[in-house]
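Undergrad: Structure of the sequence below:
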Amino acid sequence: MSTLTAPTSTPPLREDATVIGLVGLAHSISHYSQLLLAPLFPWIKDAFGVSYAQLGFLLTIFFVVSCIVQTLSGFWVDRYGPRPVLFAGLALLGAAALGYAASSSYTMLALFSVVAGIGNGVFHPVNYTLLNRKIGKARLGHAYSVHGITGSLGWALAPAMLVPLTLAFSWRVALVCAAALAFTVLLVLVWQRDKLTLPPALAPRPAHAASTASTEGSLDFLKIPAVWMCFGFFFFYAGALSIVQSFAPEAARQLHAVPAQLVAVCLTTYMLCSAGGMLLGGFLAVDADRSARVVGAAFGFAALLALAMAWLPLPAFAVPLVFGLIGFSSGIAGPSRDLLVKQSTPDNATGRVYGVVYAGLDIGQAVVPLVIGRLMDLRQFEAVWMALALLQAVLIASAFKVSRVRRTPLQMA
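TA: Residues are numbered from 1 along each chain as shown. Here you go, the predicted model:
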């Protein structure tokens, strides 16, 4: 197997830093868009007279569409280059936020969830193609670190921005401001478009030259075992993340009698500490051969903390601290995880590989909450935390499996 390599000559630090910053800025808007509606559910519920189940289905629409588009957009990135696909994604997210703000029915909200899902689906194939092909090898670990940090900050920004604007004005005004943010970032990237220039990985073929052989060649990357191991890894990773984001704070409150004001800061603490862990993880992601060990150690510690939350009689004040430690430990694993995927990527299939691999994120976020939500309905709060620990243990095994099978040779057509 031919693996993708970063530029052989290290670009100037300023050039790398600019690209990393621009890609990170775009990534933050992707994560921000994933929480456009959830913080506003109480107000939207009253405005449209719908149930929380119906509102949750809007998120299912978003992630299912994002999953499909993420897989397809990898092919677009390899064929046309990442820059036009990135610009289209940001424009669609801005348009979706405006559409949400103007919606007069639940059907319109569902329609614009489709638009938002299409926009969100392009970012991972675009971002990792830009980072892997433009950033010097010595700085890739730090690039992955910044990429993960900006995503976490996007998640943190959405409720911190949208809820106060809703309280001060209305949920519609808040969503208009969200659209303005997306379009502002798009304008910044258009202004700096020369920094994002990258030729397609696949030269366009004349129509008359198309053949079954060429089509099969474009799908040869699917024969790489590590691609599917990475897909599985991200499925379980997304499942663990969805538990933390959606159910773990309430499960912890029920188990340890945590006051409401402390519950409210658990997720924020997790996200901020995760960003700090990614910063440290960038220094550890310098050697692909030890990446699996870094991931294994980080998620092993996180799993022990999850079991402690399930079984130990923790005082209420300690619960946000445990969330922070789990976030920090999970964050450390992020850059090494991305390095494992990078080492499994053929030269001319960057977008396609990342499109398929990161589709596991969307599928995990769509499927796992259905199971954990049932545990919550049954008031099996210990089981929620045990499920989180189990998923983290699976991530350890998956990382070592990816590390082994990525060495399987395959000649790409």
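Undergrad: continuing past the lowest-mean-pLDDT helix or strand in the chain, what's the next helix or strand?
TA: Here the helix or strand of the chain ranked lowest by mean pLDDT, DSSP states H and E is helix 212-218, holding a mean of 46. As assigned by DSSP states H and E, the chain's next helix or strand after helix 212-218 is helix 225-246.
Undergrad: you'd agree Gly94 is up against Leu186?
TA: Yes. Between Gly94 and Leu186 there is a contact under Cβ atoms under 8 Å: 6.6 Å. In this view, the C-beta of every residue, glycine as well, is placed from N, C-alpha and C.
Undergrad: So the two - more neighbours on which side?
TA: Gly94 (23 against 20; other Cβ atoms under 10 Å).
Undergrad: Which residue comes closest to the more buried one once chain neighbours are left out?
TA: Ala182 (3.7 Å; Cβ to Cβ, 6 or more residues apart in numbering).
Undergrad: cool, and Leu325?
TA: Leu325 sits nearest to Leu305 (Cβ to Cβ, 6+ apart), 5.6 Å away.
Undergrad: what are the ranges of the helices in the stretch 201-350 of the chain?
TA: Remark: helices assigned in the stretch 201-350 of the chain by DSSP state H, counting those that start in this stretch are 212-218, 225-246, 248-256, 260-284, 291-311, 318-342, 350-377.
Undergrad: ok, back up a step: for the residue nearest to Leu325, list the residues it contacts.
TA: If you count contacts by Cβ atoms under 8 Å, 6 or more residues apart in numbering, Leu305 has them with Val322, Leu325, Ile326, Ser329.
Undergrad: ok, back up a step: read off the pLDDT value for the residue nearest to Gly94.
TA: Predicted confidence (pLDDT) for Ala182: 96.
Undergrad: Ala143 now?
TA: Ala143 is given a pLDDT of 84.
Undergrad: residues contacting it?
TA: Asp16, Ile20, Val23, Leu131, Ile135, Gly282.
Undergrad: what's the burial count for the second one?
TA: The burial count assigned to Ile20 is 23, neighbours taken as other Cβ under 10 Å.
Undergrad: for the last one, same thing?
TA: Summarising burial for Gly282: neighbours were counted as other Cβ under 10 Å, giving 25.
Undergrad: re the thing from before, just give me the least confident of the contacts of Ala143.
TA: Gly282 (76).
Undergrad: That one against Ser145, yeah?
TA: Yes. Gly282 lies in contact with Ser145 (Cβ under 8 Å); the separation is 2.7 Å.
Undergrad: Now the common contact residues for those two.
TA: Joint contacts of Gly282 and Ser145 (Cβ under 8 Å, 6+ apart) are Pro335.
Undergrad: The helix or strand harbouring Pro125 to helix 318-342, inter-axis angle?
TA: If you go by DSSP H and E, Pro125 is part of helix 123-134. Relative orientation of helix 123-134 and helix 318-342, computed by axes from the mean of the first three to the mean of the last three Cα atoms, to 10 degrees: 60 degrees.
Undergrad: could you check the angle helix 350-377 makes with helix 123-134?
TA: 140 degrees.
Undergrad: what residues are up against Ser105?
TA: Phe48.
Undergrad: distance of it from Ala359?
TA: Noted for Ser105: a distance of 30 Å to Ala359, by Cβ to Cβ, to the nearest Å.
Undergrad: follow-up on the earlier one: per-residue confidence, the residue nearest to Leu325, what does it come out as?
TA: For Leu305, the predicted pLDDT is 95.
Undergrad: Check Val244 too.
TA: In this prediction Val244 is given a pLDDT of 85.
Undergrad: And Leu370, by the same measure?
TA: 74.
Undergrad: switch to numbering from 126
TA: All set: I'll call the first residue 126, so the last point we hit is now Leu495.
Undergrad: burial measure for Leu265, as a count.
TA: Neighbours around Leu265, by other Cβ under 10 Å: 24.
Undergrad: where's it, which helix or strand?
TA: Counting by DSSP H and E, Leu265 is part of helix 265-293.
Undergrad: following that helix, which helix or strand comes up?
TA: According to DSSP H and E, the helix or strand after helix 265-293 is helix 296-316.
Undergrad: Report the buried residues of that following helix.
TA: 296-297, 299-304, 306-308, 310-311, 314 (16 or more other Cβ atoms under 10 Å).
Undergrad: ok, now stretch 384-404?
TA: 387-388, 391-404.
Undergrad: Could you let me know which of those ends up closest to Ser191?
TA: Ser191 lies nearest to Met396 out of the buried residues of stretch 384-404, by Cβ to Cβ, at 19.9 Å.
Undergrad: for that closest one, what are its contacts?
TA: Ser277, Leu278, Trp280, Ala281, Gly452.
Undergrad: just Leu217 next, same as before
TA: Val240, Ala241, Ile243, Gly244.
Undergrad: show me what contacts Gln159?
TA: Counting by Cβ under 8 Å, 6+ apart, Gln159 has contacts Phe187, Asn245, Trp280, Ala283.
Undergrad: Grab the nearest non-local neighbour of the third one.
TA: If I follow you right, that is Trp280. That would be His156: by Cβ to Cβ, 6+ apart, it lies 4.8 Å from Trp280.
Undergrad: my guess is that neighbour meets Ser277, correct?
TA: Yes. His156 lies in contact with Ser277 (Cβ under 8 Å); the separation is 7.3 Å.
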